[in-house]
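Visitor: give me coordinates for this.
(one chain, ligands or ions: 3)
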Amino acid sequence: MQEKYHIITYGCQMNLHESEKIAGVLRRMGYEETETKEDADIIVFNTCCIRENAENHAFGNIGALKKLKKEKPSLLIIVGGCMTQEKGKTEILAKKFPFIDVMFGTLNLEELESLIEQKRKAKKRVVKIREKEGEIVENLEPYRTSYPNAWVNITYGCNNFCSYCIVPYVRGRERSRKAENIVAECENLISQGYKEITLLGQNVNSYGADGSTGATFAELLDKVASIDGKFRLRFMTSHPKDFNEDVVKVMQKHRKIMRLVHLPVQSGSNAVLQAMNRRYTREKYLAEVKMLRSYFPEAEVTTDIIVGFPGETEEDYLQTEALVKEVDFASAFTFVYSKRTGTKAATMDGQIPEDVQKERIMRLVALVNSLTRKKSEKYLGKTVEILCEDFDEKRGYYMGRDEFGRMGYFKSEKNVIGEFVLLKITQANGISLYGEAVKDLDK
Ligand code: SAH
Ligand code: SF4
Ligand code: F3S
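Guide: Ligands and ions are numbered 1, 2, ... in the order given. As a prediction, this is how the structure comes out:
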């Protein structure tokens, strides 16, 4: 019988895509996927350390495997991802969970197969973490599970050192892939029938900043959008310090590029932005949104916001609220600041008490939700083109998104996943839109 793998992923899109690469490695080794931990012969935790609660989840779930491992000693337990790259974390994990078999990091994913082989031979735990990033490894073919969407890395790592953020410490310095490799991967995906490509990087706008790739981000976007075929193209994450009009001009040239920009603002207060080392001001941010909407008045902007950063006053917080209203975000990921050891902000004065942080996040979430709800209402009666992505088995609805990223649900007799569908919106229920498919565009 074929041995089975099960991967548990925490964190961002980048990590979800990395799990597809891990799956690729395991499948080439002869494993097949299983939905349940109990059925698995190998379990991989692809961890995240962006906030304390991400780590706590992983600690809890790894700990819960103790019993399973006892019942089935042949089960291989593997831990990788951003947590193992964190200073001192591997030792803590090793001590806390003696049953972990293999640990690897974000910077040596390509070694996973050989580490598993070593473990099989030696019987001893195998731990290998690279401290420094190496050359980009191009031949790690992912096993994709997100059809019709495909994620494509354009950069790895980050050079920005926002003062709260651990990513530069666990993902290494920024490296950009060669434009020709990215374009070739995208062409291949389109020819396989993928309908939406998301170009991924911590700061896509600094793609090729070291001059090593033969293209700027705007040029790369232009090349990918010029590939033949009907598909959508998006990119994330844009950094407000580098987002520029060249990119928007390329968006204007190509209808394939979604009218949606994820532009994390983090705070609406200049004092906080400065302490965060974000290197832009509230005014610059607002000017960028204005520039984008001068090209596409209907363009949607989504964002990330942190509340309770050290030193954040009520006045600072209220400036964030005011900015949120002014931009009228389509949606926002909102976070309570989480102290990360080793970052600059961890040692700053003025850490904010938990009750104040909680109270601010609740107010912010209510504000963001009210904006999203208002936007939903505007959709009523409209017909939008959506790309069907999934079927929600529990509720019996197909789900897709329009080019502004809004989710719509509908019923269909036949499977339309991967097809563009015209949806007439008949019901706006909070953030969810419901509608009737009026015509399959493909037909
Ligand atoms: N590279 C992207 C985001 C990476 S992390 C960018 O620059 O925007 C995703 C989000 O997590 C960040 O935008 C930020 O809002 C949040 N985040 C990062 N570190 C955090 C911390 N220490 N506490 C709370 N939220 C954090
Ligand atoms: Fe973190 Fe800032 Fe880099 Fe984003 S740009 S990953 S928030 S350091
Ligand atoms: Fe992503 Fe978490 Fe690492 S957000 S880059 S998986 S720390």
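Visitor: surely Leu318 forms part of a helix?
Guide: Yes. With the criterion set as DSSP: H, G, I helix; E, B strand; the rest coil, the secondary structure at Leu318 is a helix.
Visitor: quick one: it from Cys48, how far?
Guide: Distance, Leu318 to Cys48, by Cβ to Cβ, to the nearest Å: 31 Å. From N, CA and C alone the C-beta is placed, and that goes for glycine too.
Visitor: Gly400 now?
Guide: According to Cβ to Cβ, Gly400 stands 27 Å off from Cys48.
Visitor: who has more neighbours, these two?
Guide: Comparing Gly400 with Cys48 by neighbour count (other Cβ atoms under 10 Å), the higher total belongs to Gly400, at 26 against 23.
Visitor: buried ones in stretch 177-190?
Guide: For stretch 177-190, burial by neighbour count (16 or more other Cβ atoms under 10 Å) applies to Arg177, Ala179, Ile182, Val183, Glu185, Cys186, Leu189, Ile190.
Visitor: mean confidence for it?
Guide: Regarding stretch 177-190, the rounded mean pLDDT is 98.
Visitor: give me the contact list for that stretch.
Guide: Outside of stretch 177-190, the residues that reach it under the criterion Cβ atoms under 8 Å, 6 or more residues apart in numbering are 136, 138, 150, 152-156, 197, 199, 208, 212-215, 219-220, 223-224, 227-229, 231.
Visitor: next step: these restricted to helices.
Guide: Within the contacts of stretch 177-190, membership in helices is found for Glu219, Leu220, Lys223, Val224, as judged by DSSP state H.
Visitor: ok, the residues you listed vs ligand 2, which is closest?
Guide: Looking at the ones in helices among the contacts of stretch 177-190 and their distance to ligand 2, the nearest is Leu220, at 18.6 Å (Cβ to the nearest ligand atom).
Visitor: show me what from this protein comes close to ligand 1.
Guide: Contact residues, the chain versus ligand 1 (Cβ under 6 Å from any ligand atom): 50-51, 164-165, 167, 202-203, 237, 239, 264, 266, 304, 306, 335, 337-338, 340.
Visitor: can you sort out which of the residues you listed also neighbour ligand 3?
Guide: Filtering the residues of the chain next to ligand 1 for proximity to ligand 3 (criterion: Cβ under 6 Å from any ligand atom) leaves Ile50, Val167.
Visitor: quick one, which of the residues of the chain next to ligand 1 are buried?
Guide: With burial judged by 16+ other Cβ under 10 Å, the buried subset of the residues of the chain next to ligand 1 is 50-51, 164-165, 167, 202-203, 237, 239, 264, 266, 306, 335, 337-338, 340.
Visitor: the residues you listed in strands, which ones?
Guide: By the criterion of DSSP state E, membership of those in strands covers Ile306, Phe335.
Visitor: so which of the buried ones among the residues of the chain next to ligand 1 sit within helices?
Guide: Val167.
Visitor: still on that earlier bit, and the ones in helices among the contacts of stretch 177-190 as JSON lines, adding pLDDT and distance to ligand 3?
Guide: Supplementary listing: those in JSON lines, determined by pLDDT from 0 to 100; distance: Cβ to the nearest ligand atom, whole Å:
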{"residue": "Glu219", "pLDDT": "97", "distance to ligand 3": "26"}
{"residue": "Leu220", "pLDDT": "98", "distance to ligand 3": "21"}
{"residue": "Lys223", "pLDDT": "98", "distance to ligand 3": "26"}
{"residue": "Val224", "pLDDT": "98", "distance to ligand 3": "23"}
